[in-house]
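In: Build me a model:
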Amino acid sequence: MNNTMYKITENELSSIYQGFNKQGDVWIAEIDGSHIATWKDYAREIERVFRFPSSCDKSMDAYLDWMTDLSWLNAQGYVLIIKNIKEFMRNDPKKKEKILRFFIEDILPFWQSGVEQYVVAGKAKPFDVYLVD
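Out: Numbering: from 1, shown residues only. Here you go, the predicted model:
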């Protein structure tokens, strides 16, 4: 298992969805970047699609805590699809870079192996992110 961030086209997304249907108990979260211009927009949307127990819009640390927990979903893996990635966080490109870096440096590695080191009885799980043009 190698948790990865992919850049894909809208046309490629439909074949990827077919693969998700064969995987079973994978939590698929999809957001539309054209509706997300700021950190608060993103936080509210990520809270909704991953059903966070409480808000994270005031703290990126709280956001990272929830993204490296997700225990309430009882899933065997996770997928995040961000459509219209070019418009995503258009009012704050530095935060956009930071969010994407969080996935590459923190969230995806955590689910790939870190969870086994830091969580009692933690189990590695697939987590992929798809950035759709």
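
In: where in this protein is pLDDT low?
Out: 21-23 (pLDDT under 70).

In: Grab the most central residue of it for me.
Out: Closest to where the C-alpha atoms of the chain average out (Cα atoms, centre = their mean) is Leu80, at 4.2 Å.

In: any idea which helix or strand comes after whatever helix or strand it lives in?
Out: Taking DSSP states H and E as the definition, Leu80 sits inside strand 77-83. Next along the chain after strand 77-83, taking DSSP H and E as the criterion, comes helix 93-102.

In: what about Tyr130, distance to Ser71?
Out: 23 Å (Cβ to Cβ, to the nearest Å). Placement of C-beta: from N, CA and C, glycine included.

In: more neighbours, those two?
Out: Neighbour count, other Cβ atoms under 10 Å: between Tyr130 and Ser71, Tyr130 has more, with 21 against 10.

In: Next, count neighbours for the closest residue to Trp39 other than its chain neighbours.
Out: Take Trp39 and drop its neighbours on the chain: the residue closest to it by Cβ to Cβ, 6 or more residues apart in numbering is Lys95, 5.2 Å away. Lys95 is flanked by 14 other residues according to other Cβ under 10 Å.
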